[in-house]
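**Student:** Got a sequence here, can you build the structure:
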Amino acid sequence: MSRNALSLLLMVAITGQALAAPRYNFGRVPTPEEIAGWDIDVRPDGAGLPPGQGSVKQGQEVYANACAACHGDKGEGKRVEGAAP
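**Tutor:** Residues are numbered from 1 along each chain as shown. You can find the predicted model right below:
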């Protein structure tokens, strides 16, 4: 069997497996508004920050009090009892 024929056969087999995968009909496609609500990244230049004010020092205090317990002191992550894996 030629290399091209073997590649084609493999692609057909993989595609067939994907199409035969079970469908659970669970959930729905998120709305554009929901996706916009999850878009919470902040770029190094500050773009993406919500309106308001604050300082690095204030941010460090907020992180230490509200985030570090799960995310770690430097954002490295921590295992927390009862949290999802």
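
**Student:** Quick check, central residue of this structure?
**Tutor:** In the chain, the centroid-proximal residue (Cα atoms, centre = their mean) is residue 38; its distance is 9.6 Å.

**Student:** Show me where this protein has its helices.
**Tutor:** Ranges of helices in the chain, per DSSP state H, are 3-20, 32-38, 56-66, 68-71.

**Student:** Buried deepest among those, which one?
**Tutor:** helix 68-71 (a mean of 13; mean count of other Cβ atoms under 10 Å). Using the backbone N, CA and C atoms, a C-beta is placed for each residue, glycine as well.

**Student:** circling back: of all the helices of the chain, which lies closest to residue 48?
**Tutor:** Closest to residue 48 of the helices of the chain is helix 32-38 (Cβ to Cβ; 11.8 Å).

**Student:** Low-confidence stretches in this protein?
**Tutor:** 1, 16-21, 84-85 (pLDDT under 70).
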